[in-house]
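Chemist: Structure here, sequence nowhere to be found:
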(Lines give C-alpha, C1' and ligand atoms only; values in the text may rest on other atoms or scores of the structure.)
Protein backbone atom coordinates (compact mmCIF):
# COMPACT_ATOMS: atom_id res chain seq x y z
CA UNK A 1 0.00 0.00 0.00
CA UNK A 2 1.30 3.46 -0.90
CA UNK A 3 2.14 5.96 1.83
CA UNK A 4 -0.08 8.97 2.43
CA UNK A 5 2.68 11.29 1.17
CA UNK A 6 3.20 9.37 -2.07
CA UNK A 7 -0.57 9.25 -2.58
CA UNK A 8 -0.78 13.06 -2.20
CA UNK A 9 2.22 13.51 -4.54
CA UNK A 10 0.52 11.37 -7.19
CA UNK A 11 -2.75 13.23 -6.71
CA UNK A 12 -1.02 16.62 -7.14
CA UNK A 13 0.83 15.42 -10.23
CA UNK A 14 -2.38 14.07 -11.79
CA UNK A 15 -4.40 17.19 -10.90
CA UNK A 16 -1.79 19.56 -12.33
CA UNK A 17 -1.53 17.52 -15.54
CA UNK A 18 1.55 19.52 -16.53
CA UNK A 19 4.58 17.48 -17.63
CA UNK A 20 6.86 20.48 -17.10
CA UNK A 21 6.18 20.42 -13.32
CA UNK A 22 8.13 18.00 -11.14
CA UNK A 23 6.42 16.58 -8.02
CA UNK A 24 8.81 15.03 -5.49
CA UNK A 25 8.95 14.23 -1.77
CA UNK A 26 10.40 17.01 0.39
CA UNK A 27 14.20 16.92 0.21
CA UNK A 28 16.39 19.65 1.71
CA UNK A 29 19.34 19.80 -0.67
CA UNK A 30 17.72 19.15 -4.03
CA UNK A 31 18.61 21.20 -7.10
CA UNK A 32 15.40 22.72 -8.49
CA UNK A 33 15.83 23.55 -12.17
CA UNK A 34 12.15 23.79 -13.14
CA UNK A 35 8.80 24.40 -11.48
CA UNK A 36 8.64 21.89 -8.64
CA UNK A 37 6.19 20.85 -5.96
CA UNK A 38 7.80 19.18 -2.94
CA UNK A 39 5.47 17.24 -0.65
CA UNK A 40 6.28 17.12 3.05
CA UNK A 41 4.12 15.56 5.76
CA UNK A 42 4.01 17.56 8.97
CA UNK A 43 1.38 16.07 11.24
CA UNK A 44 -0.87 13.04 11.76
CA UNK A 45 -3.71 13.19 14.27
CA UNK A 46 -6.77 11.13 15.15
CA UNK A 47 -10.14 12.19 13.82
CA UNK A 48 -12.87 12.38 16.47
CA UNK A 49 -15.93 10.27 15.70
CA UNK A 50 -14.19 8.49 12.82
CA UNK A 51 -13.15 4.85 12.54
CA UNK A 52 -10.19 4.10 14.81
CA UNK A 53 -7.73 3.67 11.92
CA UNK A 54 -8.69 7.01 10.30
CA UNK A 55 -6.18 9.83 10.76
CA UNK A 56 -6.06 13.43 9.54
CA UNK A 57 -2.78 14.06 7.74
CA UNK A 58 -1.40 17.56 7.28
CA UNK A 59 0.99 18.20 4.42
CA UNK A 60 3.05 21.18 3.37
CA UNK A 61 3.45 21.51 -0.38
CA UNK A 62 6.37 23.66 -1.41
CA UNK A 63 5.63 25.26 -4.80
CA UNK A 64 9.07 26.35 -6.01
CA UNK A 65 10.46 28.19 -8.98
CA UNK A 66 14.21 28.38 -9.62
CA UNK A 67 15.95 31.71 -9.39
CA UNK A 68 18.11 33.42 -6.83
CA UNK A 69 17.59 37.04 -7.85
CA UNK A 70 14.15 38.41 -7.02
CA UNK A 71 12.52 40.07 -10.00
CA UNK A 72 9.04 41.09 -10.97
CA UNK A 73 8.77 38.34 -13.58
CA UNK A 74 9.99 35.71 -11.10
CA UNK A 75 7.43 36.86 -8.55
CA UNK A 76 4.69 36.80 -11.20
CA UNK A 77 5.70 33.28 -12.29
CA UNK A 78 5.62 32.15 -8.68
CA UNK A 79 2.19 33.67 -8.01
CA UNK A 80 0.73 32.04 -11.13
CA UNK A 81 2.33 28.68 -10.32
CA UNK A 82 1.04 28.70 -6.73
CA UNK A 83 -2.47 29.56 -7.96
CA UNK A 84 -2.24 26.71 -10.50
CA UNK A 85 -1.36 24.29 -7.69
CA UNK A 86 -4.20 25.56 -5.47
CA UNK A 87 -6.71 25.46 -8.36
CA UNK A 88 -5.63 21.90 -9.17
CA UNK A 89 -6.09 20.87 -5.53
CA UNK A 90 -9.54 22.43 -5.40
CA UNK A 91 -10.53 20.97 -8.79
CA UNK A 92 -12.86 18.10 -9.54
CA UNK A 93 -10.01 15.60 -10.03
CA UNK A 94 -9.15 15.78 -6.32
CA UNK A 95 -11.26 14.10 -3.61
CA UNK A 96 -13.39 16.50 -1.55
CA UNK A 97 -11.54 15.44 1.60
CA UNK A 98 -8.44 17.39 0.50
CA UNK A 99 -8.70 20.85 2.04
CA UNK A 100 -6.37 23.75 1.28
CA UNK A 101 -5.79 25.33 4.70
CA UNK A 102 -3.38 28.12 3.80
CA UNK A 103 -0.94 29.40 1.22
CA UNK A 104 1.79 31.91 1.88
CA UNK A 105 4.83 33.14 0.04
CA UNK A 106 7.98 32.21 1.90
CA UNK A 107 11.71 32.20 1.31
CA UNK A 108 12.53 28.50 1.17
CA UNK A 109 16.28 29.03 1.21
CA UNK A 110 18.79 31.29 -0.53
CA UNK A 111 18.36 29.49 -3.86
CA UNK A 112 14.60 29.37 -4.29
CA UNK A 113 11.44 31.37 -3.98
CA UNK A 114 8.22 29.60 -3.19
CA UNK A 115 4.86 29.25 -1.57
CA UNK A 116 4.11 26.93 1.29
CA UNK A 117 0.65 25.50 0.70
CA UNK A 118 -0.77 23.63 3.69
CA UNK A 119 -3.40 20.97 3.03
CA UNK A 120 -5.19 18.34 5.10
CA UNK A 121 -6.59 14.99 4.05
CA UNK A 122 -7.90 11.97 5.97
CA UNK A 123 -6.26 8.59 5.38
CA UNK A 124 -6.93 5.16 6.84
CA UNK A 125 -3.94 3.61 8.57
CA UNK A 126 -2.88 0.37 6.87
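Modeler: Yes, it's here. Keep in mind the model is a prediction, meaning the values are calculated, not measured.
Chemist: got a pLDDT number for residue 111?
Modeler: On the pLDDT scale, residue 111 is placed at 69.
Chemist: what about the residue most central in space within the chain, which SS state?
Modeler: For the chain, residue 61 is the residue whose C-alpha lies nearest the centre (Cα atoms, centre = their mean; 2.4 Å). State at residue 61, reduced to three classes by DSSP: H, G, I helix; E, B strand; the rest coil: strand.
Chemist: Check the secondary structure at the residue of the chain most remote from its centre for me.
Modeler: Taking Cα atoms, centre = their mean, the residue of the chain most remote from its mean C-alpha position is residue 49, at 27.2 Å. Using three-state DSSP, the structure places residue 49 in coil.
Chemist: which residues touch it?
Modeler: Residues in contact with residue 49 (Cβ atoms under 8 Å, 6 or more residues apart in numbering): none are found. Every residue, glycine included, has its C-beta placed from N, CA and C.
Chemist: what's the helix or strand for the closest residue to residue 103 other than its chain neighbours?
Modeler: Counting by Cβ to Cβ, 6 or more residues apart in numbering, residue 117 is the residue found nearest to residue 103 once chain neighbours are left out, at 4.5 Å. Using DSSP states H and E, residue 117 maps to strand 112-124.
Chemist: helices or strands up against the strand or helix carrying residue 12?
Modeler: Per DSSP H and E, residue 12 falls inside helix 4-16. Under the contact definition 3 or more Cβ pairs under 8 Å, 6 or more residues apart in numbering; DSSP states H and E, helix 4-16 sits against strand 22-25, strand 36-46, strand 54-66, helix 72-89, strand 112-124.
Chemist: So what's the gap between the last one and the chain middle?
Modeler: What it means is strand 112-124. 4 Å (Cα atoms, centre = their mean, to the nearest Å).
Chemist: Need the per-residue pLDDT for residue 81.
Modeler: 90.
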